[in-house]
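Colleague: Provided below for reference: sequence and predicted model.
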Amino acid sequence: MTHPTKAIYHTLVADFAHLASSSSEEPLFSKKDVEVSMEKVEVVDFDQTITVAGIKITPYRAGHVLGAAMFMVNICGMCCLYTGDYSRVTDRHLSAADMPPVTPHIVIVESTYGTQLHGPREARERLFTDRIAATVRQGGRVLVPIVAIGRAQELLLLLDEYWSKHPQLQGIPIYQASGVARKALNVFQTYVGMMNADIQKAFQFSNPFQFNHVQVLKSGAVIDESGPCVVMATPSMLQSGLSRELFEAWCESPNNTVIIADFAVQGTLARDILSSPQHVLSRTGVKLPLRCKVESISFSAHADYDQTRLFLDELQPPNVVLVHGEVNEMMRLRGALERTAWEKGWKRALHTPKTDSSIYIPFQPKHVAHVRGRLAVQPAKPGQALRGVLVQQAGLDQILHPDDLSTFTELTAGKVIHRQAVAINKPFQDIRLALEVMFEGIEGSGHLPVKTAQPAGTVSPSSSRSCGSSLDSGASEMVKPQVVPEESEQAVRVGDVVTVWYRPGNTALGYESHVVLEWAGGSKGDVVADAVLAVLLQTAGQPPAAAQAEDALRKAVAVGDGSAATEAEMQLAGALLAQQFGPADVNTTTGQIHLEVDGVGVLVEWVAGKVVSGNSGLQSRVERVLRRIEEALRPCALNFED
């Protein structure tokens, strides 16, 4: 809701709850329910776009009542404008409905007045005041049934100004006899800044809603009916309430006048008396003669035909859905809009769905983005693929080269540096030879200084964890760089993408020989790194300890020694775990394997298949590796049957 709508909502609904609490029927909601609902309301400003579950919603001024909004809803690029009740004509206190800056694919618009026209506002105001002045000067009374919010304030502004310009009328009272309208005046005075320029200008000198010639009646106040007067009372349809009471009391006198100033809904008394019947029925069933004058002077804030036609002509939506109208008027409006579109050669589909029915409108999503910077130097051809970064910011989509991000946005390009360590018991020459056989463009002569091979801002591979640990790809763990002797800084660079660092074992520092792969994340880097890793693993071959354990397992199985086979499996599992996490202590007597990774202990109970560690993340990693080892040790079941 907009801010004024929230305030008006509370006024209306709280008043309804108050009246319902004194009724014999069970109320729909209580005063407590009203307050709870207020806490759930989120307020928005006009032209402010909010996103709910990926759906973009933007409110625009509707011009119907204070705070009323049309909503543009954007779902995956499909824009639908729902006008609700709207008016494209500026009146005494409200601006006209906004013209949205984008063309929607669908407009759902009201059809209240069909093809009817309101006529110029000035002419309607003059007719309204002339009829009232003529009635009261002849000693008659004027009843104006109104809606409490919107038209009431508009007509009060008009009458108060007219009375100020005609001193001879100032002795005749004007009554505003709606409690809700009285309470709503506080809201109107609060949100003057959301009204039109005329009201805002007038407010600089005085409060236009502090009326000089209007008596705003409180609940239970008595109207002086001894002489001429003007009464604005609710409801506007004359179905009940004070407006119905006054109508039944005044309708028999030809000196009195009833002015219907809003849209009269079919089936209501307000609509019935417009056809000039001889008699009307009172609420008690008594037939009353209708001798008073009945005038229809519309100040309705619903769009007429011209407003709707011009609004749609400017927006030019391909699909229009007509709602909120009587079927005859709706069909007349549909026919007129179809003729206009046909005459101008526009493709426009008109829909008039019945209540509770659905319509199907096909939509082909189209995404429009602006190409800027160096990508726009050479205009793209139809069907040509563009490689860049799509940036969605402040309602603008842009395709940019990564190096242009800082120029056209507040973003900067960054890199994700991946680093992975692999234990390998081979000399550097063997590693380099294996890579040269597989890849072209191997750079480095055996000694590639860290200061030139290492990308700026990255951590030297010497700061990697000890031999046997495997850094997860893309790990963001920050490790303090260490000073490494120059003789250990052997490295090669593969395809100018992946750097392979070689670290010979160092007993004093507590690690075995290993290599560290380092590359910048991306489709190219990741593919090359995977291929390099495969070559390294093939070059490393099987760890000696694993080969010995596998041989022992084969012999134990051959002679049927189950105990020896279990011990050999544990030794093999320990060797494979050591490849991943560092030295493993295998105790075949207790059936346990002990690991220590970065000072955190891990206990593997081989027979039970259980892993225990104080670090849940590390425990999960060991469990995953252990599960794969167990699957590799078990024979595959072959089933040749269909």
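Modeller: Yes, it's here.

Colleague: from residue 1, how far out is the nearest residue to residue 367 once chain neighbours are set aside?
Modeller: Beyond its immediate neighbours in the sequence, the residue positioned closest to residue 367 (Cβ to Cβ, 6 or more residues apart in numbering) is residue 77, lying 5.8 Å away. Bear in mind the C-beta positions are built from the backbone N, C-alpha and C, glycine included. For residue 77, the distance to residue 1 (Cβ to Cβ, to the nearest Å) stands at 26 Å.

Colleague: who's in contact with the residue nearest to residue 367?
Modeller: 365-367 (Cβ atoms under 8 Å, 6 or more residues apart in numbering).

Colleague: same question for residue 56.
Modeller: Per Cβ under 8 Å, 6+ apart, neighbours of residue 56: 49-50, 73-75.

Colleague: what number of residues lie near residue 332?
Modeller: Counted with other Cβ atoms under 10 Å, residues neighbouring residue 332 total 18.

Colleague: helix or strand: which one has residue 566?
Modeller: Assigned by DSSP states H and E, residue 566 belongs to helix 562-581.

Colleague: go through that helix and flag the buried ones.
Modeller: Of the residues in helix 562-581, 564-581 count as buried by neighbour count, 16 or more other Cβ atoms under 10 Å.

Colleague: show the average pLDDT along that helix.
Modeller: Across helix 562-581, the average pLDDT comes to 85.

Colleague: who are the packing partners of the next helix or strand after that helix?
Modeller: Sequence order places strand 584-587 as the next helix or strand after helix 562-581, per DSSP H and E. Counting by 3 or more Cβ pairs under 8 Å, 6 or more residues apart in numbering; DSSP states H and E, the packing neighbours recorded for strand 584-587 are helix 562-581, strand 592-597.

Colleague: any figure for the gap between residue 313 and residue 429?
Modeller: Taking Cβ to Cβ, one finds residue 313 at 80 Å from residue 429.

Colleague: these two: which is more packed in?
Modeller: Using other Cβ under 10 Å as the criterion, residue 313 and residue 429 rank with residue 313 on top: 14 against 11.

Colleague: which outside residues touch the helix or strand hosting the more buried one?
Modeller: Assessed by DSSP H and E, residue 313 sits inside helix 305-315. By Cβ under 8 Å, 6+ apart, the residues outside helix 305-315 that reach it are 81, 87-89, 97, 99-100, 103-104, 107, 109-111, 113-117, 303, 320, 333, 336-337, 340, 344, 348.

Colleague: give me the PyMOL select line for the residues you listed, limited to the buried ones.
Modeller: To isolate the buried ones among those in PyMOL, judged by 16+ other Cβ under 10 Å, type:
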select buried, resi 81+87+88+89+97+100+104+107+109+110+111+113+114+115+116+303+320+333+336+337+348
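
Colleague: among the contacts of helix 305-315, which are in strands?
Modeller: 81, 107, 109-110, 320 (DSSP state E).

Colleague: nearest to residue 601 among these?
Modeller: Nearest to residue 601 among these is residue 81, at 64.2 Å by Cβ to Cβ.

Colleague: before we move on, the earlier item: now the contacts of residue 56 as TSV including secondary structure, pLDDT and distance to residue 393?
Modeller: Converted to TSV, the contacts of residue 56 look like this (DSSP: H, G, I helix; E, B strand; the rest coil; pLDDT from 0 to 100; distance: Cβ to Cβ, whole Å):
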residue	secondary structure	pLDDT	distance to residue 393
49	coil	94	12
50	strand	93	16
73	strand	97	21
74	strand	94	15
75	strand	91	20
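
Colleague: out of the residues you listed, which are buried?
Modeller: 73-74.

Colleague: would CSV of the contacts of residue 56 with distance to residue 150 be doable?
Modeller: Listed next are these as CSV, based on distance: Cβ to Cβ, whole Å:
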residue, distance to residue 150
49, 26
50, 25
73, 25
74, 29
75, 31
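
Colleague: and of the ones in strands among the contacts of helix 305-315, the nearest to residue 516?
Modeller: residue 81 (57.9 Å).

Colleague: residue ranges with poor pLDDT in the protein?
Modeller: Scanning the chain for pLDDT under 70 picks out the ranges 218-221, 394-395, 441, 444-489, 510, 542, 635-642.

Colleague: now for the closest residue to residue 135 other than its chain neighbours: which residues touch it?
Modeller: Among residues not flanking residue 135 along the chain, residue 257 sits closest, at 4.4 Å (Cβ to Cβ, 6+ apart). Going by Cβ under 8 Å, 6+ apart, residue 257 touches 131-132, 135, 140-143, 292-295.

Colleague: 7 Å - rerun?
Modeller: Counting by Cβ atoms under 7 Å, 6 or more residues apart in numbering, residue 257 touches 131, 135, 140, 142, 292-293, 295.

Colleague: repeat that for residue 14.
Modeller: With Cβ under 7 Å, 6+ apart, residue 14 has these contacts: 31, 34.

Colleague: give me the element it is part of.
Modeller: Assigned by DSSP H and E, residue 14 falls in helix 3-21.

Colleague: continuing past that helix, what's the next helix or strand?
Modeller: Assigned by DSSP H and E, the successor of helix 3-21 is helix 31-40.

Colleague: next, the buried residues of that following helix.
Modeller: Quick answer for helix 31-40 (16+ other Cβ under 10 Å): residue 34.

Colleague: mind pulling up the phi and psi values for residue 47?
Modeller: phi 70, psi 10 (degrees, to the nearest 10).

Colleague: related to what we said a few turns ago, wait, which of the ones in strands among the contacts of helix 305-315 is closest to residue 299?
Modeller: residue 110 (16.6 Å).

Colleague: tell me the bridge partners for that closest one.
Modeller: residue 323 (DSSP bridges).

Colleague: pretty sure it sits against residue 324.
Modeller: Yes: the criterion here is Cβ atoms under 7 Å, and residue 110 meets it with residue 324 at 4.0 Å.

Colleague: separation between the residue lying closest to residue 94 once chain neighbours are set aside and residue 26?
Modeller: Spatially, and ignoring its direct neighbours in sequence, residue 94 is nearest to residue 63 (5.5 Å; Cβ to Cβ, 6+ apart). Going from residue 63 to residue 26 by Cβ to Cβ gives 38 Å.

Colleague: more neighbours: which of the two?
Modeller: residue 63 (25 against 6).

Colleague: tell me the SS of the more buried one?
Modeller: Three-state call for residue 63 (DSSP: H, G, I helix; E, B strand; the rest coil): coil.

Colleague: tell me the contacts of it?
Modeller: 86-88, 94-97, 301.
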